[in-house]
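Enquirer: coords please:
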Amino acid sequence: MAARAARIGDKLLSLFAVLMIFTMLTYGGYSLWDNYMVNHGAFLSKDLLKYKPADTGGENLSLEDLMLINEETCGWITVDDTHIDYPVVQGEDDLKYVNTDVFGEFSLSGAIFLSCKNKTDFSDGYSLLYGHHMDNGGMFGDVIEFTDEEYFSARETGVLYLPHKTYQIRLFACMEVDAYDSIVYGHGEGCDMQRLLDYLKTDSTNYRDIGVTADDKIIGMSTCVDAVTNGRVVLFGRLEE
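Expert: Residues are numbered from 1 along each chain as shown. From the prediction side, this is the model:
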């Protein structure tokens, strides 16, 4: 009787061990798949790349084609020698595109989006873009890299394509702030441009003097910092027609 009970106990332990191994393998497989989907979604797909405007400086007809798919598309931003190369959208609030891609589908990597406080034609003195910090450099992951002085010094340019206009971007500042910074995040109507520029000049992590003035159009690119709940890094450039 005791021997039979022991055999039953051994079988139960073996079954439990098999179930544990199966559970661990399943979870591991799901984690790998989930990481792949997050990382894969953070970069341009072939379906999206075909809408990237050609660098002609004129009408960007491919953006108009993308606007037929998503009418909230308002531009395309590229920062030279980085992974930043994405369409720009704008939702009715600043939550919609946190987990929604440019095609309107759920995506953990979201989309690059213009603040709902800004005009879609980037006519504001200061326009602010948001994007996730992806560990693989996707979305605005490379914005973090501009906190390194050598990386910042080696990268000075980018392009902002709008449906009927193209701006060159001259990068001039990178700042580490928190999410409650009233100057950096006080964009939109009534933004005090001179106060912002003075703040950037004195408090930026990295800065280059390009003679920017309060009459210029400024673009900011904001992303989160890992390990700091409210930490943010924002990269700034001047828009030049």
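Enquirer: Just want the most central residue of the chain.
Expert: Gly131 (2.2 Å; Cα atoms, centre = their mean).
Enquirer: Could you point out the longest strand of the protein?
Expert: In terms of residue count, the longest strand belonging to the chain (DSSP state E) is strand 165-178.
Enquirer: Go through it and flag the buried ones.
Expert: For strand 165-178, the neighbour count (16 or more other Cβ atoms under 10 Å) marks Lys165, Thr166, Tyr167, Ile169, Arg170, Leu171, Phe172, Ala173, Cys174, Met175, Glu176, Val177 as buried. Using the backbone N, CA and C atoms, a C-beta is placed for each residue, glycine as well.
Enquirer: what's the weakest-modelled helix or strand in the chain?
Expert: The helix or strand of the chain with the poorest confidence is helix 2-41; it has a mean of 48 (mean pLDDT, DSSP states H and E).
Enquirer: pLDDT averaged over the longest strand of the chain, what's the number?
Expert: On average, the pLDDT along strand 165-178 is 97.
Enquirer: What of stretch 199-219?
Expert: Mean predicted lDDT for stretch 199-219 stands at 98.
Enquirer: same question, stretch 141-159
Expert: Throughout stretch 141-159, pLDDT has a mean value of 98.
Enquirer: Now the terminal residues of it, how far apart.
Expert: Distance across stretch 141-159, first residue to last, is 18 Å (Cα to Cα, to the nearest Å).
Enquirer: contacts for it?
Expert: Contact with stretch 141-159 is made by 42, 55, 77-84, 131-135, 166-171, 174, 176, 205-206, 208, 221-223, 225, 233-235, 237, as judged by Cβ atoms under 8 Å, 6 or more residues apart in numbering.
Enquirer: again with stretch 71-79
Expert: Contacts for stretch 71-79 (Cβ under 8 Å, 6+ apart): 51-53, 60, 63, 66-67, 84-91, 102, 112, 114, 120-122, 129, 142, 155, 157-163, 169, 171, 221, 235.
Enquirer: Of those residues, which belong to strands?
Expert: 85-89, 112, 114, 129, 157-162, 169, 171, 221, 235.
Enquirer: List buried residues within those residues.
Expert: By 16+ other Cβ under 10 Å, the ones in strands among the contacts of stretch 71-79 give 85-89, 112, 114, 129, 158-162, 169, 171, 221, 235 as buried.
Enquirer: Tyr207 bridge partners, please.
Expert: With DSSP bridges as the criterion, Tyr207 is bridged to Ala173.
Enquirer: thinking again about what came up before, could you identify the most distant pair in the buried residues of strand 165-178?
Expert: Within the buried residues of strand 165-178, Lys165 and Glu176 form the most distant pair, 31.4 Å apart (Cβ to Cβ).
Enquirer: give the contact list for Ile84.
Expert: Going by Cβ under 8 Å, 6+ apart, the list of residues near Ile84 reads Ile77, Thr78, Gly131, Met139, Phe140, Asp142, Val143, Gly158, Met221.
Enquirer: So which of those residues belong to helices?
Expert: Residues of these located in helices (DSSP state H): none.
Enquirer: Next, count neighbours for Ser115.
Expert: By other Cβ atoms under 10 Å, 20 other residues sit near Ser115.
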